[in-house]
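Colleague: Output the structure for:
(2 chains)
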Amino acid sequence: AQSVTQPDIHITVSEGASLELRCNYSYGATPYLFWYVQSPGQGLQLLLKYFSGDTLVQGIKGFEAEFKRSQSSFNLRKPSVHWSDAAEYFCAVGSFGGNQFYFGTGTSLTVIP
Amino acid sequence: GAVVSQHPSWVICKSGTSVKIECRSLDFQATTMFWYRQFPKQSLMLMATSNEGSKATYEQGVEKDKFLINHASLTLSTLTVTSAHPEDSSFYICSARDTKPPTDTQYFGPGTRLTVL
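Modeller: Residues are numbered from 1 along each chain as shown, chains lettered A, B, ... in the order given. Model prediction:
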């Protein structure tokens, strides 16, 4: 079955600290992986995506993610978190040409001063 | 980057009335658009897949007669909530699929907050 798991429902970090949000997936085909961020009352903004090639992908706002096929993971990282990064983060998996995206349940990030 | 707009951003209506929500891809053509519903502090629930020039594909449990979807052009899909009731109050988000090679990515609209009184 296709699924995406984000084990951490809520994470709190201090401003300036590093961040890692976990994402594990189960997918029968070659996965395309995405991270989106959602601010309260807003739609989803694409942070980064992985299709192929270099397994470490860079995104906007200083985020990066690493695809590890052996662990079925696509964790999101940022070396130094800013207060404006507080939001809901969703990991998603799909396939090229496929219609269905599978979303994780999201991780809520709180940033404390 | 690819931009998707939604209109209106919020709407309040009386029970029994119909509400139309528009989703537009502004700088790319999208043969496929998606409609999601999101409950507070939850993930997105796919309602239906909208294909340009053909009927929408609805997910199990979604009433096609209640949530009418029309994808009349490569840049516009509409969702009409017919005979809305308070339980239809929710945050509705659309996405448009950009398949211009080498990418295949969904870009999301800002969402529409529907409140049915």
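Colleague: Leaving out chain neighbours, which residue sits closest to the residue positioned nearest the centre of chain A?
Modeller: Per CA atoms, centre = their mean, the C-alpha nearest to the average position across chain A is that of residue A:35, at 3.5 Å. Excluding the flanking residues, the one nearest residue A:35 by CB to CB, 6 or more residues apart in numbering or on different chains is residue A:47, at 4.4 Å. (Glycine included, C-beta is placed from N, CA and C.)
Colleague: What of residue A:88?
Modeller: In space, residue A:88 is closest to residue A:38, 4.5 Å off (CB to CB, 6+ apart).
Colleague: returning to that earlier point: for the residue nearest to the centre of chain A, what are its contacts?
Modeller: Contact analysis of residue A:35 by CB atoms under 8 Å, 6 or more residues apart in numbering or on different chains lists A:21, A:23, A:46-49, A:59, A:63, A:65, A:74, A:76, A:89-92.
Colleague: do that again at 10 Å, thanks
Modeller: A:21, A:23, A:44-50, A:57, A:59, A:63-65, A:74-76, A:89-92, A:104 (CB atoms under 10 Å, 6 or more residues apart in numbering or on different chains).
Colleague: just residue A:11 next, same as before
Modeller: Counting by CB under 10 Å, 6+ apart, residue A:11 makes contact with A:19, A:20, A:21, A:22, A:81, A:89, A:107, A:108, A:109, A:110, A:111.
Colleague: again with residue B:105
Modeller: Contacts of residue B:105 by CB under 10 Å, 6+ apart are A:32, A:34, A:46, A:49, A:51, A:94, A:101, B:1-2, B:28, B:95-99.
Colleague: one more time with 7 Å, if that's ok
Modeller: For residue B:105, the contact set (CB atoms under 7 Å, 6 or more residues apart in numbering or on different chains) comprises A:46, A:49, B:98.
Colleague: how about low-confidence regions in chain A?
Modeller: A:97-99 (pLDDT under 70).
Colleague: What segments of it are helices?
Modeller: Remark: no helices are assigned in chain A by DSSP state H.
Colleague: if we can go back for a sec, make TSV from the contacts of residue B:105 and add distance to residue B:72 and neighbour count to it.
Modeller: Formatted as TSV, the contacts of residue B:105 follow (distance: CB to CB, whole Å; neighbours: other CB atoms under 10 Å in any protein chain shown):
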residue	distance to residue B:72	neighbour count
A:46	26	18
A:49	29	20
B:98	19	19
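Colleague: wait, what's in contact with residue A:42?
Modeller: If you count contacts by CB under 7 Å, 6+ apart, then residue A:42 has B:110, B:111 around it.
Colleague: can you pull the pLDDT of the residue located most distally from the centre of chain B?
Modeller: Going by CA atoms, centre = their mean, the residue of chain B most distant from its centre is residue B:102, 25.1 Å out. Residue B:102 carries a pLDDT value of 74.
Colleague: Run a quick neighbour tally on the closest residue to it other than its chain neighbours.
Modeller: Distances taken as CB to CB, 6+ apart place residue A:51 nearest to residue B:102, at 7.1 Å, with adjacent residues excluded. Per other CB atoms under 10 Å in any protein chain shown, the neighbour tally for residue A:51 reads 16.
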